[in-house]
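Asks: sequence? don't have it. structure:
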């Protein structure tokens, strides 16, 4: 965007990220409605083409390094009486999303479901209404957060970054993330904020709250010039998108630390390669992020207290082995180690060498190891 | 504290809440060790008296309006070879807690467990080490957060309150909670902050993230002069203590909104009356807080979409009926309604009347109703 553009308009009003995204989404939502109306105008039965989201139409794209939808489409037509119900549901959800964007309010999946009930839209249960939201994502080509349906879960962030809010009521207000010692939540306001100043040189993503807190206390943000992110388990999509922006807009390398078990490994892989469930929305993943630990091989290398796999863990490792995302190292190698040792360890296991060990010894060793490769 | 006291000392250094609490705790931890050493000095086997935490020694105190421990004690003596192991574990935990307080670092229960392992302290599993932390709470007479063992879960807060941090590195720095549009986390820094300015007139506590977000967006903080707290399910103890401080230090009434089911009702009751599990630590509860909704009777009154109880819900209501905390209204009355209708509803069910309804209609009606009584 040319500099001049930013200074034009009503009293130099800025064009904020929040509004920019919502404007694009609104155009697409209107198009969906417009197309339906044009059928009516021509005296025809409205129909909509939806990209098919069946497993047979989900492909792993090696170039994009993420899951994407294949070329199959399915036609939803009001000629077919069986299609009338899901067609109506989708229309209502489109209207609801447009309302959210226009009134600049947010909602959750659950709120959307109850709103529909009150409107007399017949959803069997929330699962059915969630499914309709996913269909709408497919049509609009973006995550539901962009039409203001947010999850309840929140991750958090701390580090040498100054953001500028763009949500209603806070436009232009800035926050230096180092001023909030407990870390700041990655909620609707954070995910739509602009990055205005950053003197971090890397992003460190951790699965566990205990490790996040340890990194904050040991000043990893200063000593490693890092932005630290706590995913709180599987990273919500808003958080994945936030990490992607840090990586792409600010050109920061991203290192991910999870527990050494098949579940932790998968948390890292979803951030890097995306999830099959979200194959219908592009640009959620961070292909250049690096899984830095805790690896299965770290259990042996660092002599960590480890627990025996349960049945569930063992089966999960076998499942992951078949996944196209796990055919290269370090994934392939670490899956091999897991299969052999049949044990798992948590990041906190490094505390056996004292609370600071993870910061003073493990972190620098691992960062050196993964950047050397 | 007299004004003069605050200005004395090194260059008018303030005596911060964080340090004040830690100093008190340190004195008690040292006492525990000192007593053991004095046994050695006299050539005797050390022993420790612990308040008994068996269910037969937990009493509901009508005056304090919370659960407390009864008078029973149990003796742990190193004369008895069976006591040697838990005695040593408790001693180690006392040392670990003193270390945390002195180095001003925080830890989680899991970190404490792994630290012990590295030290060669033989804990069977984390449950055993958690139990030792609870014993230490009983001895010190305060929650583990006061000796810097914090939970991973975080609630959050938004509202017309200015706090001053007292944690290391942030002493004296202030935060106006209205400047963080996503809300601020109730972590170690928030719970040890001093309240420096407040122009709120009440505290509204909600169980659900969706409702919290709605209240933030609809400016409940301005329109009702409220501090809004999101517990994220069962309120962590640090959050309960934080709400208690808002109530007692700032003299603000507290209103709690939960889902209309036995689990939501219990979230409210634990904030108000405390939990049996925490009977060994005083001053965690908020006896004057008011459970304002969502009541079982609200399901009928507001014609909310409700779901049938499952077996689990039905049994839970019968269990709660026997609990001394539920013998008065509104608890008793609402349990009666639950038993009759065998249905439950979530706070979000109010969205059937539109997203704003909970703020524009339900909230003022309920606040009027519960304050009139």
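Replies: Now that the structure is in, tell me what you want to look at. Worth saying up front: this structure is predicted, and the values here are computed from it rather than measured. Numbering: from 1, shown residues only, chains lettered A, B, ... in the order given.
Asks: how about the strands of the stretch 201-350 of chain A, start to end?
Replies: All strands of the stretch 201-350 of chain A, identified by DSSP state E, counting those that start in this stretch, fall at A:202-206, A:226-230, A:254-257, A:290-293, A:307-308, A:343-344.
Asks: From the recorded domain assignment, give the ranges for chain A.
Replies: A:3-147, A:199-372 (automatic domain parsing).
Asks: do you know how far the residue nearest the centre of chain A is from chain B?
Replies: Taking Cα atoms, centre = their mean, the centroid of chain A lies closest to residue A:237, which sits 2.2 Å from it. Distance of residue A:237 to chain B, given as Cβ to the nearest Cβ, to the nearest Å: 15 Å. In this view, the C-beta of every residue, glycine as well, is placed from N, C-alpha and C.
Asks: Next, find the distance separating the residue lying closest to that residue once chain neighbours are set aside from residue A:282.
Replies: In this structure, residue A:237 finds its nearest non-sequential neighbour in residue A:143, 5.5 Å apart by Cβ to Cβ, 6 or more residues apart in numbering or on different chains. Residue A:143 sits at a distance of 10 Å from residue A:282 (criterion: Cβ to Cβ, to the nearest Å).
Asks: Who has more neighbours out of these two?
Replies: residue A:143 (21 against 17; other Cβ atoms under 10 Å in any protein chain shown).
Asks: Quick check: residue A:104 touching residue A:168?
Replies: Yes: here residue A:104 reaches residue A:168: they are 4.8 Å apart, a contact under Cβ atoms under 8 Å.
Asks: re earlier: show the pLDDT at the residue nearest to residue A:237.
Replies: With respect to pLDDT, residue A:143 scores 88.
Asks: Quickly note the distance from the residue nearest to residue A:55 when sequence neighbours are not counted to residue A:127.
Replies: Nearest non-adjacent residue to residue A:55, counting by Cβ to Cβ, 6+ apart: residue A:276, 7.7 Å away. From residue A:276 across to residue A:127, the span is 18 Å (Cβ to Cβ).
Asks: same question, residue A:141
Replies: For residue A:141 relative to residue A:127 (Cβ to Cβ), the value is 23 Å.
Asks: cool, and residue A:110?
Replies: 11 Å.
Asks: which of these two has more neighbours?
Replies: Counted by other Cβ under 10 Å, residue A:110 and residue A:127 do not tie: residue A:110 has more neighbours, with 21 against 10.
Asks: Read off the pLDDT value for the nearest residue to that one once chain neighbours are set aside.
Replies: Distances taken as Cβ to Cβ, 6+ apart place residue B:348 nearest to residue A:110, at 4.6 Å, with adjacent residues excluded. Here the pLDDT value assigned to residue B:348 is 93.
Asks: Residue B:348 against residue B:208, yeah?
Replies: Yes: between residue B:348 and residue B:208 there is a contact at 6.8 Å, judged by Cβ under 8 Å.
Asks: what about these two, which has more around it?
Replies: Between residue B:348 and residue B:208, counted using other Cβ under 10 Å, the more crowded position is residue B:348 (27 against 24).
Asks: residues touching the more buried one, list them.
Replies: Residue B:348 makes contact with A:108, A:110, A:111, A:113, A:114, B:208, B:210, B:211, according to Cβ atoms under 8 Å, 6 or more residues apart in numbering or on different chains.
Asks: out of these, who's nearest residue B:365?
Replies: residue B:211 (15.5 Å; Cβ to Cβ).
Asks: The closest one against residue B:358, yeah?
Replies: Yes: using Cβ under 8 Å, residue B:211 is in contact with residue B:358, at 6.7 Å.
Asks: Overlap of the contact sets of the two?
Replies: Joint contacts of residue B:211 and residue B:358 (Cβ under 8 Å, 6+ apart) are residue B:347.
Asks: The nearest residue to residue A:194 once chain neighbours are set aside - how many residues pack around it?
Replies: Nearest non-adjacent residue to residue A:194, counting by Cβ to Cβ, 6+ apart: residue A:164, 4.6 Å away. The number of residues packed near residue A:164 is 18, by other Cβ under 10 Å.
Asks: how much space between residue A:164 and chain B?
Replies: For residue A:164, the distance to chain B - Cβ to the nearest Cβ - is 12 Å.
Asks: what does the stretch 101-250 of chain A put close to chain B?
Replies: Contact residues (Cβ under 8 Å from any Cβ of the partner chain) of the stretch 101-250 of chain A with chain B: A:105-108, A:110-111, A:113-115, A:117-118, A:150, A:152-154, A:156, A:165, A:167, A:169-170, A:173, A:175, A:179-190, A:208-210, A:213-214, A:217.
Asks: Pull out the buried residues from these.
Replies: For those, a neighbour count by 16 or more other Cβ atoms under 10 Å in any protein chain shown gives the buried set as A:105-108, A:110-111, A:113-115, A:117-118, A:150, A:152-154, A:156, A:165, A:167, A:170, A:173, A:175, A:179-190, A:208-210, A:213-214, A:217.
Asks: Which of the three states applies to residue A:167?
Replies: Using DSSP: H, G, I helix; E, B strand; the rest coil, the structure places residue A:167 in coil.
Asks: ok now do it, which residues does it touch?
Replies: By Cβ under 8 Å, 6+ apart, the contact list for residue A:167 reads A:18, A:104, A:188, A:189, A:192, B:181.
Asks: For residue B:341, state which of these is nearest.
Replies: Out of those, the member with the shortest distance to residue B:341 (by Cβ to Cβ) is residue A:188, at 35.4 Å.
Asks: Please look at the closest one and residue A:149 and confirm they touch.
Replies: No: the pair residue A:188 and residue A:149 fails to qualify as a contact (Cβ under 8 Å) at a distance of 10.2 Å.
Asks: for stretch A:292-302, which positions count as buried?
Replies: A:292, A:293, A:294, A:295, A:296, A:297, A:298, A:299, A:302.
Asks: ok, for the first one, nearest residue in space, not its chain neighbours?
Replies: Looking back up the chat, that one is residue A:292. Using Cβ to Cβ, 6+ apart, the closest residue to residue A:292 is residue A:255 (4.3 Å).
Asks: Quick check: buried residues in the lengthiest helix in chain A?
Replies: In chain A, taking DSSP state H as the definition, the longest helix is helix A:17-41. Across helix A:17-41, burial judged by 16+ other Cβ under 10 Å covers A:17, A:18, A:19, A:21, A:22, A:25, A:26, A:28, A:29, A:32, A:36.
Asks: I'd guessed the fifth one sits against residue A:105; true?
Replies: Spelled out, it's residue A:22. No: using Cβ under 8 Å, residue A:22 makes no contact with residue A:105, being 11.4 Å away.
Asks: Now for those two: what residues contact both?
Replies: Here residue A:22 and residue A:105 have residue A:148 as joint contacts, going by Cβ under 8 Å, 6+ apart.
Asks: tell me what the longest helix of chain A is packed against?
Replies: Packing partners of helix A:17-41 (3 or more Cβ pairs under 8 Å, 6 or more residues apart in numbering or on different chains; DSSP states H and E): strand A:47-51, helix A:81-103, helix A:126-140.
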